[in-house]
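Enquirer: no sequence on hand, only this structure:
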């Protein structure tokens, strides 16, 4: 009865209910935002932590790039052979020729033809044969050294080329590892931020609808209608004071105060 007297239309109760409901919703939303912010920060911190684990690899990107910029080319040097045939001649050639001469002279003397032209020719032919053979052996030895030196120079060149290529490949691998580290860093940070935003977004975009307590309006209307029914049903003879009191309330009169 007192509630009806103080708020015959029920609008006061509606407004109070609506305000209380809105305040409760806002408090609940702020709490949800606080939880989302905390969880979002955890996602961000986790992303930064994972990104830091990639730092040693990411630092290799610049190192590998610098190594790849180095010059690994090799210029072949023209092979210069310094040997001479004379360096390879057998020192015993003269001795061999002298020994051959003595043998031929002894043989010719035994036959009584030492002073003949045939003996002289035989001695000269034998000396020339020994000399030619010695020169041929010396030349062959020199060519073997020349060929070995040229082949060795070529092999050294190929080894240097292969070594340069290997070093370049290693630099490329280091660079690739660094790029993977950078990608890992970026991915971790992106996932952390994305998860943080996705966690916060639903609560931070949510708005409080002040009309969410519209159910209280029905209660107010019901109360107002019920109050009006009492006023209409009360007879002036049976309860004139009560009717007058309701009438004063409806007209804005507050008991105990002057109009």
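Expert: In hand now; what should we look at? These figures come from a predicted structure and were not determined experimentally.
Enquirer: residues contacting residue 93?
Expert: Neighbouring residues of residue 93 by C-beta atoms under 8 Å, 6 or more residues apart in numbering: 130, 131, 134. For every residue, glycine as well, the C-beta is placed using N, CA and C.
Enquirer: burial of the first one, as a residue count?
Expert: A count of neighbours around residue 130, defined by other C-beta atoms under 10 Å, yields 21.
Enquirer: against residue 85, how distant is it?
Expert: 16 Å (C-beta to C-beta, to the nearest Å).
Enquirer: same question for residue 166.
Expert: 41 Å.
Enquirer: between the two, who's got more neighbours?
Expert: residue 85 (14 against 11).
Enquirer: for the protein, longest helix please?
Expert: helix 117-204 (DSSP state H).
Enquirer: could you give me the average pLDDT of that helix?
Expert: Average pLDDT, helix 117-204: 92.
Enquirer: just how off-centre is that helix within its chain?
Expert: 31 Å (C-alpha atoms, centre = their mean, to the nearest Å).
Enquirer: which other helices and strands contact it?
Expert: Contact partners of helix 117-204 among helices and strands, from 3 or more C-beta pairs under 8 Å, 6 or more residues apart in numbering; DSSP states H and E: helix 11-53, helix 55-58, helix 60-68, helix 93-111.
Enquirer: so can I have TSV of these showing mean pLDDT and distance to residue 119?
Expert: TSV is the format used below for these (pLDDT from 0 to 100; distance: least, C-beta to C-beta, whole Å):
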stretch	mean pLDDT	distance to residue 119
helix 11-53	84	99
helix 55-58	89	91
helix 60-68	89	79
helix 93-111	87	4
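Enquirer: just put these in TSV and tack on distance to residue 158.
Expert: Below are these laid out as TSV (distance: least, C-beta to C-beta, whole Å):
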stretch	distance to residue 158
helix 11-53	42
helix 55-58	34
helix 60-68	22
helix 93-111	39
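Enquirer: out of those, the one nearest residue 189 is which?
Expert: Proximity to residue 189 (C-beta to C-beta) singles out helix 11-53 among these, at 5.0 Å.
Enquirer: who are the packing partners of the closest one?
Expert: helix 117-204, helix 215-233.
Enquirer: nearest to residue 21, out of those?
Expert: Per C-beta to C-beta, nearest to residue 21 of the helices and strands packed on helix 11-53: helix 215-233, 7.4 Å.
Enquirer: avg pLDDT for the closest one?
Expert: pLDDT averaged over helix 215-233 gives 49.
Enquirer: number of residues surrounding the residue nearest to residue 74 when sequence neighbours are not counted?
Expert: Once flanking residues are discounted, residue 74 sits nearest to residue 160: 4.4 Å by C-beta to C-beta, 6 or more residues apart in numbering. For residue 160, the neighbour count with other C-beta under 10 Å is 15.
Enquirer: look up how far residue 77 lies from residue 160.
Expert: 10 Å.
Enquirer: what angle do the longest helix of the chain and helix 93-111 make?
Expert: 160 degrees (axes from the mean of the first three to the mean of the last three C-alpha atoms, to 10 degrees).
Enquirer: how about residue 54, phi and psi?
Expert: Here is the backbone geometry of residue 54 (degrees, to the nearest 10): phi -90, psi -10.
Enquirer: so what's it closest to, chain neighbours aside?
Expert: residue 184 (3.9 Å).
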